[in-house]
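In: pasting the sequence and the predicted coordinates here, then a few questions.
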Number of protein chains: 6
Amino acid sequence: MSKKVVTFGEVMMRLSPPGYEKFSQASSFELVYGGGEANVAISCAYLGMKAAHVTRFPNNALGKAATQFLRKHWLSTEHVIYGDDMMGKYFLEKGAVHRSSEVIYEREGSAFSLIEPSMINWESVLKDADWFHWTGITPAISDGAAKCCLEAIKTANKMGITVSGDINSRSNMWKYGKTMQDVIPELVEHCDVVITSSRGIREMFGLGQSEDSFNTLAKELITLFPSVKKVVKKTRRMLSASHNQIQGKMWNGKAYIKTDMLNITHIIDRVGTGDAFAAGLIYGLLHYEDQQALDFASAACALKHTVPGDVNIVSLENVRDLMEGNTTGAIRR
Amino acid sequence: MSKKVVTFGEVMMRLSPPGYEKFSQASSFELVYGGGEANVAISCAYLGMKAAHVTRFPNNALGKAATQFLRKHWLSTEHVIYGDDMMGKYFLEKGAVHRSSEVIYEREGSAFSLIEPSMINWESVLKDADWFHWTGITPAISDGAAKCCLEAIKTANKMGITVSGDINSRSNMWKYGKTMQDVIPELVEHCDVVITSSRGIREMFGLGQSEDSFNTLAKELITLFPSVKKVVKKTRRMLSASHNQIQGKMWNGKAYIKTDMLNITHIIDRVGTGDAFAAGLIYGLLHYEDQQALDFASAACALKHTVPGDVNIVSLENVRDLMEGNTTGAIRR
Amino acid sequence: MSKKVVTFGEVMMRLSPPGYEKFSQASSFELVYGGGEANVAISCAYLGMKAAHVTRFPNNALGKAATQFLRKHWLSTEHVIYGDDMMGKYFLEKGAVHRSSEVIYEREGSAFSLIEPSMINWESVLKDADWFHWTGITPAISDGAAKCCLEAIKTANKMGITVSGDINSRSNMWKYGKTMQDVIPELVEHCDVVITSSRGIREMFGLGQSEDSFNTLAKELITLFPSVKKVVKKTRRMLSASHNQIQGKMWNGKAYIKTDMLNITHIIDRVGTGDAFAAGLIYGLLHYEDQQALDFASAACALKHTVPGDVNIVSLENVRDLMEGNTTGAIRR
Amino acid sequence: MSKKVVTFGEVMMRLSPPGYEKFSQASSFELVYGGGEANVAISCAYLGMKAAHVTRFPNNALGKAATQFLRKHWLSTEHVIYGDDMMGKYFLEKGAVHRSSEVIYEREGSAFSLIEPSMINWESVLKDADWFHWTGITPAISDGAAKCCLEAIKTANKMGITVSGDINSRSNMWKYGKTMQDVIPELVEHCDVVITSSRGIREMFGLGQSEDSFNTLAKELITLFPSVKKVVKKTRRMLSASHNQIQGKMWNGKAYIKTDMLNITHIIDRVGTGDAFAAGLIYGLLHYEDQQALDFASAACALKHTVPGDVNIVSLENVRDLMEGNTTGAIRR
Amino acid sequence: MSKKVVTFGEVMMRLSPPGYEKFSQASSFELVYGGGEANVAISCAYLGMKAAHVTRFPNNALGKAATQFLRKHWLSTEHVIYGDDMMGKYFLEKGAVHRSSEVIYEREGSAFSLIEPSMINWESVLKDADWFHWTGITPAISDGAAKCCLEAIKTANKMGITVSGDINSRSNMWKYGKTMQDVIPELVEHCDVVITSSRGIREMFGLGQSEDSFNTLAKELITLFPSVKKVVKKTRRMLSASHNQIQGKMWNGKAYIKTDMLNITHIIDRVGTGDAFAAGLIYGLLHYEDQQALDFASAACALKHTVPGDVNIVSLENVRDLMEGNTTGAIRR
Amino acid sequence: MSKKVVTFGEVMMRLSPPGYEKFSQASSFELVYGGGEANVAISCAYLGMKAAHVTRFPNNALGKAATQFLRKHWLSTEHVIYGDDMMGKYFLEKGAVHRSSEVIYEREGSAFSLIEPSMINWESVLKDADWFHWTGITPAISDGAAKCCLEAIKTANKMGITVSGDINSRSNMWKYGKTMQDVIPELVEHCDVVITSSRGIREMFGLGQSEDSFNTLAKELITLFPSVKKVVKKTRRMLSASHNQIQGKMWNGKAYIKTDMLNITHIIDRVGTGDAFAAGLIYGLLHYEDQQALDFASAACALKHTVPGDVNIVSLENVRDLMEGNTTGAIRR
């Protein structure tokens, strides 16, 4: 019987000039959809899990089309709600070598940002779920979104569902009057798995010193929030916009685990690679021991770099193959 | 020496699924830009006039790209200003036969809607201008936009520049607390040429009765606003989304003038055809007697139905040719 | 509470050269999916009904992608089954004016054609359904498909679910050893609603004479199969590949009903218009009296001619608007 | 055994903005190739004839690609020669309704215009040919091209091969120092079939009066050039760029023959329709009596209006079907 | 005088999602054609040789279009035959870095697979040929194809034409009841040049041991089949789907020859690189000594990795340039 | 106050097959515009400078569209002149790895090549300019172009405007009867900054020996032309068509300066990278000391390799970031 993951967060229209065109050259935009949490749910669905995403879209044809994207990619969308007028959006200009990709967000006032507590019936949503996943982006969007997220986490806790949070320190996202230090700790308190960075731990929770290792910081975090069992981190070395190396690290309360570094030499699309890692981690922790789970997460992350769009639509077989060390990319017939 | 027109208003990113695809089918959007007033300016520029557009764009790469579209289409953009984050947008799904085109606007909170009085130095903008044109959309967007528009009209008046306004009755656009009846009359008071409809005259100014002819209503309007010299209307008969007929009508204070009906049997893009009419009228009134001016406006309007995008980029020669009755569409080599 | 329709039949990959290119000009194919019965289900879903489609796809990435198309367009796909290797296909070259569209089928040996009785658990599939719809194409594909179809019809009958069949006389499709005269009558015996043509009634059931009216033939059909309550027909007058007229006709056992003729002057895509009619009829009969139901079916059919692809993804509001006589195609903002 | 036609003339790269874009909107060009004479040869090849085209291309990758286009469309290209650097070109902006298509030629100094007499071995080229076809464009290009054309016609004459010329009066094309009146008569002297217009007969040969009917003019032409057996004309009535009517007329020395008028209501591409007529006439005269030949030519011409590109790649079956009066454009499965 | 090569085998429609899209993302397919043997013929044609390909296509517009692809790429297609309905196909999803390309074949029941002995008149086909080339795919397709292949090889032998076979060990392709061990040896018996791998020699002919070098195995093969003069192998080192290294090796009965390893760092399209090698070898052996021939083959193979599609359409000059060590890829103006 | 640069030279239509297609595969061309000098002006404009370009285009819609490209990319085009018929063009086939890009020029007889002295009023053009830039391509095009260039340089000199020339030794471009040795020295005599290569100095000016270093040659050049203050060179190491390394070098009369080598591993578009270097140098010398100016030029050049098209439309911020050593290409949000 497949395990089920539920995620919650904004899904944006992603509009990108074709190929490597810059914004000033575009006469069309490629259209896909993405958002950290839905990206995770879709990844999980392609790996064979059941997956549902909860979000709020504008009550018009654009909101419907966004839902259709989620349905197409195997998500259950019965708990998507509709209201207001504006679709969250981001514009992506793809870079290469020394030229950075550029992202312009337009999400202020979006249907999702106007979500309010109790709009979602979390008991109903989470029935049959095995895992609930959220990211630090959601509470940064609006007070309503932060409160909904807390509702979800607490309900999941009550229902015995594992909770993971992927939280980074992006203070410039917090514009509605609260800071990440105000909001994040209460959300993390109820989590089982936290994906973050050393800087994240220091800045969001005021733990440690700048010279502390990830291990030290992870231990302090677990001390602070005893419900947290695993603290996980993805390291990225950026040789250029076209060439990155990634590695997974985990402190599971007992041991420090890391993966081999994966060398991604010809990046096709970097967006959503962190979400692919998170999805791989969820799948991995549900099906493997910790080392293998982390290897699986890293392999999933590496593969996402080769898939256009936000979502990691590779198959379980692909991930396993890379996780087991097959880096040849030989044609499959 | 070419005459110069100046226009003021929002320019939106226009995003359309390719061909006749519906929103739910799109995996890309075609990107152009449009807005009633800038459409007029560009039309005039293609007819050989000097033309400048004044607007406010977000201060980012998208705002710059929008300006570049205006520059490409021959506008002077030195008075474009930049600020805030959001680009006004509309999504257009193109219909055919019995299926309507659908438009979804996302302009609330746009950089233009946040414009404030005195952000524009109208004396400087209007130096050397012969004509200033505005539409009823601008005062509907926000109080700031309405006030800027009034500033512009008054400055134009003071500088002896002809002013035209293209105003329709769209009460559902007015969301910021004022009604069109509150705002439009003061703007029209300073105009020389008004393009509107019978319904517009009744609803916006409370003139006439529902059975009154356009002539009667136009006379009442001129009585109310003596600065107005010509009241002009474009009649459209819609046989289907693919087949329309259009005709121009004018009361110039002395005579009622109308054009032959033009039969547009294979519409390519209906958006902006009213703006093409307005531009044709401005060019016409600057270069011809009233009957010919109206014929020119109708011909320009008819040709726009065959041009993809918002703007009527046909040449003076094209318009003249149709105005003189050549409807064959024979290949020009 | 929305009504639910279930359909059963092959879904093919549809590959078409872009625009009006002929096969010999194509360097790419546009890809959508279609099949008479799934087209009906999707139409119904866009009108607001619940809809599920049952089919068999190859057990590979292409079969999965086909399922994703159905999911995207709101169908429930939990009863899709997978096996064998080949995807049914058709190639479509789009004509205009005097040039016919050309269709080349490649469905022999497809995963669907290899379906066998009892592969589908019809009790489970039809639970909660209000309507089951099949077409005459399915029994023509293979003996297994015909038998599955009969299983479905009988199960629906037993469960008190309304059954409709859309059957045309295409003897050249029957290649597996049985004729339509062998197979179709047994299937029709259990139907409530039959969509067919005069020629269909004469050729498939050996009823009537060549000069008999549709009414006469419909009455004879009902006499032969007393479970049939309504016999419905869509008349098409083809002025050219770009211009058709359509009209609905019905004998409901008591009265002969017909609609006004709808004039479709600029056809975008003719494929699937019969399925749009059938879907409109199902929706109509579930929500209206017979005359209105037929008007609704004709309006739905007319609108499909303006939508690219096989499926009629227009909204309930669109169909109602046309059914009520609004043929202007005016832009909706 | 299939009959063989040989043609001679320039083949140009045709560059068009996509869809109905104007030149100022294009960010890409669609690329096909065309030229009056090669268009005829390709048409004939699709009708089942053998066909060879003789031309001169630049000696580079662009000239090779042009040859490949001819090969792809079934022509024999073994007598294509290469030299110099420039590819003849034309840019086509497609119009609709009242907006004309615009053509910009760039053929001055092209590889073909630099052709010289005796570069082509006409005995070898015309071996096995049944028909040689030229147009009035070739002698207008350059003195060398005119002389080559005369060589070909005389050789064909000597070898007993039927010769047809499609000549229109376009005095503005003649830029190299000779006039059409200087050059055309000598070329026509050796022809069996002439396709032209009333104006063409008057202007190129100084025959008749402006009020003379086509019949009268055709008779005078035959009197002047006794080798000419048939004078043929295609009449086009242009209701708009999207809607034309065409009709064929012939004086065959004994009778005046004409076809029904064909009504082409949704033109896809008008370029090359005259060449399609010529090709249909060649095929028709080789396979039918005169009336049917003309009907066939008109049907071929009508069908070309629905095919993108310069060449009429419809099948013999398509043409016959329309020639026999089937104008329904019903889908062929 | 150019040498002439003849090839025989299936040509498939190749359908690929654009760029790096996965199957589940595609809304269109890029269309080209390919097949191991035709790929070789086309390569040879671009190098300046005469080349003909023999195959069987469905007797419809798709079969004609496939032939047109071959004609466009300079092949003689006069011996292509037509029959039955289905076009062989393969679907290609292009991978990158750690993500493999995926190929899905649909060739069962194709027109080619239904070919029967004596459908081809090999004496006529091979007249004037200097070389006949086949691959191990053809005999794997069907008994009829295997027998036709044997007919061709024997006829070539009789006519003194050099025969090369490119045979790999793919046992999962053999589905019609015979094994490669049953069929391949008889075909190889009449060959002059064999391209294969060490594993191929072991598995298909039961020669050698798993630890034997290519040299040893090649010698054993020549001992077994004395007509074979050269055994050639292409080694590929796969660093990732985007980065391969290739090297050619040959045992020519006297010496073991190998080339430098070519480093292909940014693969555009890997498909058909083996065929490019084979074509390069054929050209090389006809024009150079063995070492140079092998260098030429490797250079041709390397260049194919940069060309989209199945066929290696680079020029002789390109291959020579790389063969001589110019790896700079400097712009040629 | 922004500095202003003026440039003079031909702007060509650039037509390229999509992606990595070869000419023989193209069914469309991507359309941009480029020319060494305009490329420099546009680059400077994106860096924040004022920039005007002077050229001559054909007096038709294609010439207008070319001007619109320049306007779109921020250039002042008021001094563009129009005449004659032909647009200069180049066709670009993009290579990868070992496959070279191929360029085919068609510029003979272009509107620009027919420019004549005194067609441009240089006093008016250069009013307010701070810098004039030319390249060695212009005097190679025609005697008229060379003379216009000399007019411009002399006028700039007289007006105290800095002059830079980017001159390479391409003797095969000189076809109109003069050699580069005849023409270039007089042009360089009036320059302040010369960008060239060691070979250029030797071949164009007859200075030095083949073994002389760039430094030695640069010194000799300055001795010969005392007005020249800086001699600059860009070194390129070509590892393949996809991977280059570049480095800037300068002799400023006092010191030999060079930059670090920049490693460009995934080239998107190599064309115009020299012009990006020149533009970077102009900006750099106007805003920085020599070392930083050269660093800036190299960074600009490196970034151009990642931008499709001829022109370096990156921002000042991008260049500064790379110049300061940030090579990570991290996403900017």
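Out: Perfect, thanks for sending it. Residues are numbered from 1 along each chain as shown, chains lettered A, B, ... in the order given.
In: which other residues reach the helix or strand A:C44 falls within?
Out: Assigned by DSSP states H and E, A:C44 belongs to helix A:36-46. The contact list for helix A:36-46 (C-beta atoms under 8 Å, 6 or more residues apart in numbering or on different chains) reads A:5-9, A:11, A:51-53, A:55, A:70, A:73-75, A:133-135, A:137-138, A:166, A:272, A:274-276, A:278-280, A:282-283, A:300, A:304, A:310-316. For glycine as for every other residue, the C-beta is placed from the backbone atoms N, C-alpha and C.
In: which elements pack onto the next helix or strand after it?
Out: Next along the chain after helix A:36-46, taking DSSP H and E as the criterion, comes strand A:50-54. Packed against strand A:50-54 by the contact rule (3 or more C-beta pairs under 8 Å, 6 or more residues apart in numbering or on different chains; DSSP states H and E) you find strand A:4-8, helix A:36-46.
In: right, and these - which one's nearest F:N215?
Out: helix A:36-46 (54.9 Å; C-beta to C-beta).
In: could you give the angle of the closest one to strand A:4-8?
Out: 160 degrees (axes from the mean of the first three to the mean of the last three C-alpha atoms, to 10 degrees).
In: how far is helix A:36-46 from where the chain is centred?
Out: The chain centre lies 8 Å from the centre of helix A:36-46; the measure is C-alpha atoms, centre = their mean, to the nearest Å.
In: around chain B, which positions in the stretch 151-300 of chain A sit nearby?
Out: Contact residues (C-beta under 8 Å from any C-beta of the partner chain) of the stretch 151-300 of chain A with chain B: there are none.
In: give me the element A:T155 is part of.
Out: Here A:T155 is assigned to helix A:143-158, by DSSP H and E.
In: which helices and strands sit right next to that helix?
Out: Partner elements for helix A:143-158 (3+ C-beta pairs under 8 Å, 6+ apart): strand A:4-8, helix A:122-126, strand A:131-135, helix A:137-141, strand A:162-166, helix A:180-188.
In: may I see the buried residues of it?
Out: Across helix A:143-158, burial judged by 16 or more other C-beta atoms under 10 Å in any protein chain shown covers A:144-157.
In: just put the residues you listed in JSON lines and tack on distance to F:L207 and pLDDT.
Out: Below are the buried residues of helix A:143-158 laid out as JSON lines (distance: C-beta to C-beta, whole Å; pLDDT from 0 to 100):
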{"residue": "A:G144", "distance to F:L207": "74", "pLDDT": "98"}
{"residue": "A:A145", "distance to F:L207": "70", "pLDDT": "98"}
{"residue": "A:A146", "distance to F:L207": "72", "pLDDT": "98"}
{"residue": "A:K147", "distance to F:L207": "77", "pLDDT": "98"}
{"residue": "A:C148", "distance to F:L207": "75", "pLDDT": "98"}
{"residue": "A:C149", "distance to F:L207": "72", "pLDDT": "98"}
{"residue": "A:L150", "distance to F:L207": "77", "pLDDT": "98"}
{"residue": "A:E151", "distance to F:L207": "80", "pLDDT": "98"}
{"residue": "A:A152", "distance to F:L207": "76", "pLDDT": "98"}
{"residue": "A:I153", "distance to F:L207": "76", "pLDDT": "98"}
{"residue": "A:K154", "distance to F:L207": "81", "pLDDT": "98"}
{"residue": "A:T155", "distance to F:L207": "82", "pLDDT": "98"}
{"residue": "A:A156", "distance to F:L207": "79", "pLDDT": "98"}
{"residue": "A:N157", "distance to F:L207": "81", "pLDDT": "96"}
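In: would you turn the residues you listed into CSV with distance to A:K89?
Out: Formatted as CSV, the buried residues of helix A:143-158 follow (distance: C-beta to C-beta, whole Å):
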residue, distance to A:K89
A:G144, 19
A:A145, 16
A:A146, 21
A:K147, 24
A:C148, 21
A:C149, 21
A:L150, 26
A:E151, 26
A:A152, 24
A:I153, 27
A:K154, 31
A:T155, 30
A:A156, 29
A:N157, 33
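In: want to throw the helices and strands packed on strand A:50-54 into TSV with mean neighbour count, mean pLDDT and distance to F:D295?
Out: Listed next are the helices and strands packed on strand A:50-54 as TSV, based on neighbours: other C-beta atoms under 10 Å in any protein chain shown; pLDDT from 0 to 100; distance: least, C-beta to C-beta, whole Å:
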stretch	mean neighbour count	mean pLDDT	distance to F:D295
strand A:4-8	29	98	46
helix A:36-46	29	98	38
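In: format the ones you listed as JSON lines; extra columns: distance to C:L294.
Out: Formatted as JSON lines, these follow (distance: least, C-beta to C-beta, whole Å):
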{"stretch": "strand A:4-8", "distance to C:L294": "45"}
{"stretch": "helix A:36-46", "distance to C:L294": "42"}
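In: and the angle from the top strand by length along chain A to strand A:162-166?
Out: Counting residues, the longest strand found in chain A (DSSP state E) is strand A:230-240. Relative orientation of strand A:230-240 and strand A:162-166, computed by the same axes, to 10 degrees: 30 degrees.
In: elements contacting the following helix or strand past strand A:230-240?
Out: Moving toward the C-terminus from strand A:230-240, the next helix or strand (DSSP H and E) is strand A:243-251. Applying 3+ C-beta pairs under 8 Å, 6+ apart, we find strand A:243-251 packed against helix A:214-224, strand A:230-240, strand A:256-258, strand A:262-264, helix A:273-287, helix A:290-304.
In: give me the buried positions along strand A:243-251.
Out: Those would be A:H243, A:N244, A:I246, A:Q247, A:G248, A:K249, A:M250, A:W251, for strand A:243-251 by 16+ other C-beta under 10 Å.
In: possible to save those as TSV with pLDDT?
Out: Below are the buried residues of strand A:243-251 laid out as TSV (pLDDT from 0 to 100):
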residue	pLDDT
A:H243	98
A:N244	98
A:I246	98
A:Q247	98
A:G248	98
A:K249	98
A:M250	98
A:W251	97
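In: got the residues of chain A near chain C?
Out: Counting by C-beta under 8 Å from any C-beta, the residues of chain A near chain C are A:Q68, A:F69, A:R71, A:K72, A:H73, A:W74.
In: which helix or strand contains the last one?
Out: Take DSSP H and E as the rule and A:W74 turns out to sit in neither a helix nor a strand.
In: name the residue of the stretch 101-250 of chain A that lies nearest to chain C.
Out: A:D128 (15.0 Å; C-beta to the nearest C-beta).
In: number of nearby residues for that residue?
Out: 12 (other C-beta atoms under 10 Å in any protein chain shown).
In: next up, the contacts around the residue lying closest to it once chain neighbours are set aside.
Out: Leaving out its chain neighbours, the residue that sits closest to A:D128 by C-beta to C-beta, 6 or more residues apart in numbering or on different chains is A:K4, at 5.7 Å. Contact analysis of A:K4 by C-beta under 8 Å, 6+ apart lists A:M49, A:K50, A:A51, A:A52, A:D128, A:A129, A:D130, A:W131.
In: that older thread, what subset of the contacts of helix A:36-46 is buried?
Out: Using 16+ other C-beta under 10 Å as the burial test, the contacts of helix A:36-46 include A:5-9, A:11, A:51-53, A:55, A:70, A:73-75, A:133-135, A:137-138, A:166, A:272, A:274-276, A:278-280, A:282-283, A:300, A:304, A:310-315 as buried.
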